[in-house]
Each structure stands twice: as C-alpha cells, then as structure tokens.
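Asker: With the sequence up front, the predicted model follows.
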Amino acid sequence: MQLFIDTANVEEIREAAQLGVIAGVTTNPTLIAREGRNFREVITEITEIVDGPISAEVVGTTKEDMVSEAKELVKIDNNIVIKIPLIPEGLKAIKELAQMGIKTNATLIFSVNQAILAANAGATYVSPFVGRLDDISHDGMELIADVCQVFYNYNYTTQIIAASIRDPIHIAQAAKLGAHIATVPYKLIMQMCKHPLTDLGLESFLKDWEQVKDK
Ligand code: E4P
C-alpha cells in the first residue's frame with residue numbers, strides 16, 4: 001500500500017520524505033489556509049520535495065472554472081493531480097480533464113455511488129473520506145470496503161485513496177481491505193512507527209551491549 005502525506009506543511013513533507021515512506025502528497029484548501037501562505041508557492045515548493053503525485057484542489061464550482069484552474073495548476077509540474085469535489089460540475093470537469101490527459105482525484109466522496117460516478121467519468125483517483133463519516137456516527141471503513149469490492153468486481157483502474165484518516169488503525173484496516181493508497185497526516189506516520197515493545201527492546205539491547213562493548 002502506498003502512503004501519501006495529507007498536509008500542506010513543507011517541513012512535515014520534508015521530514016516524511018526523508019523517511020522514504022511517502023509516494024505522494026494531498027492538500028486541500030483548509031490545509032493550505034492553515035499554512036497562511038500563497039497557494040501556488042506552497043504547491044511549487046512541494047513539487048520540489050516529492051517526486052510523486054501531488055493533489056492540488058480547485059475552488060471553482062463550475063466545470064469551466066475547474067478546468068481553467070486545472071490548466072494553470074498543471075503548468076507547475078507534471079506530477080500535479082487536480083483534486084475535484086464530487087458534484088455534477090466536478091464530474092464534467094473530470095471527464096474533460098481525462099480527455100486532455102490531466103490526472104484527477106475525486107474528493108469529498110462519501111458513498112459507493114459517488115465513487116462509481118467518479119471512476120466512470122475517468123478519475124485517476126477517488127478519495128472516500130473515513131473520519132468525516134465516523135464523525136457523524138457512520139462506519140467510514142465500511143465505505144472503503146464497499147468501494148474496494150465494487151472496483152475490484154469491475155476491474156476499475158481508478159485508484160482508491162483512503163482519506164480523512166484520523167487513526168493509525170484506519171491505515172492498517174484500509175490496507176487489509178485493499179485500498180491502493182492511504183493519505184495520512186504527518187503525526188500518524190510517526191505514530192505508525194512507534195511500538196512500546198520496540199522502545200523497550202532497543203533499551204535492553206543497548207543496556208546489554210554496554211556490558212560487553214569493551215571486552
Ligand atoms: C484528503 O484528500 C482530504 O482532504 C483529507 O484527508 C481530509 O481530512 P479531514 O477529514 O481530516 O479534514
């Protein structure tokens with residue numbers, strides 16, 4: 001399973017890239033706003049750090065606006081993927097961009113039917129949101145399971161990005177279910193690394209080594 005980092009913070013992206021575990025980056029307008037920086041400038045900086053798919057989201061709500069934003073964004077770098085909300089105008093934009101060979105990530109997906117529509121329109125990726133469904137007492141992971149089942153039933157080539165991931169358990173669950181990618185905040189990448197038995201084991205190995213190192 002590939003991991004993308006879900007942030008617009010370039011320091012976090014740099015740190016995660018050094019670990020060698022991230023294959024791409026996803027951003028959204030909220031993550032960009034959190035950094036308080038110019039959108040194009042941040043996206044350009046990210047492309048200089050990570051050589052993989054980098055999702056940049058459009059903010060227009062008509063097909064025309066989305067397509068014209070997309071055309072500008074892809075000029076930044078070949079790795080730019082256009083993130084498009086799953087609304088009817090978004091589907092039209094996904095179709096047009098697919099015809100132009102521009103990659104898209106259909107975002108704000110909360111149902112299997114939305115994922116089917118995005119794939120049929122030609123989306124490169126779909127992003128079903130786990131945490132936001134959990135927030136309203138729905139089982140977000142069930143959505144990942146259902147989208148995986150349907151995409152595998154019909155051999156869709158659209159890749160599934162488990163998004164809105166809030167907990168390391170979500171990542172392991174999404175991997176077991178067959179999601180191609182999980183996009184996760186930096187904090188969770190670090191949590192994935194941690195195990196108390198690893199820390200205890202290392203502590204005792206180093207302590208034991210002290211007794212023999214000079215022999
Ligand atoms: C990524 O594509 C999404 O924008 C992101 O995972 C949303 O996460 P959130 O629901 O924690 O804001």
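Answerer: Here it is on my side, so go on. Residues are numbered from 1 along each chain as shown.
Asker: only C-alpha atoms for contact and neighbour calcs from this point on.
Answerer: Will do.
Asker: which residues touch the closest residue to the ligand within the chain?
Answerer: Closest to the ligand within the chain is Ser164: 3.4 Å, counting by C-alpha to the nearest ligand atom. Going by C-alpha atoms under 8 Å, 6 or more residues apart in numbering, Ser164 touches 128-132, 183-184.
Asker: Including pLDDT, could those go into TSV?
Answerer: Below are the contacts of Ser164 laid out as TSV (pLDDT from 0 to 100):
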residue	pLDDT
Pro128	98
Phe129	98
Val130	98
Gly131	98
Arg132	98
Thr183	98
Val184	98
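Asker: and the ligand, which of those contact it?
Answerer: Restricting the contacts of Ser164 to those within reach of the ligand (C-alpha under 6 Å from any ligand atom) leaves 131-132.
Asker: neighbour-wise, which of the contacts of Ser164 leads?
Answerer: For the contacts of Ser164, the largest number of neighbours (other C-alpha atoms under 10 Å) sits with Pro128, at 28 neighbours.
Asker: If we look just around the ligand, which residues of this structure are in range?
Answerer: 6, 26, 28, 131-132, 163-165.
Asker: Which residue ranges of the protein form helices?
Answerer: Remark: helices assigned in the chain by DSSP state H are 10-19, 29-35, 39-49, 63-73, 88-99, 112-121, 131-135, 140-153, 168-177, 186-193, 196-212.
Asker: Pull the residues that contact the first one.
Answerer: Under the criterion C-alpha under 8 Å, 6+ apart, residues 5, 7, 22, 42, 45-46, 49-50, 186, 189 lie in contact with helix 10-19.
Asker: Also the shortest one?
Answerer: Contacts made with helix 131-135 from outside it, assessed by C-alpha under 8 Å, 6+ apart, are listed as 110, 139-140, 163-166.
Asker: And the pLDDT at the nearest residue to Lys103 once chain neighbours are set aside?
Answerer: Nearest non-adjacent residue to Lys103, counting by C-alpha to C-alpha, 6 or more residues apart in numbering: Val81, 5.1 Å away. Looking at Val81, its pLDDT is 98.
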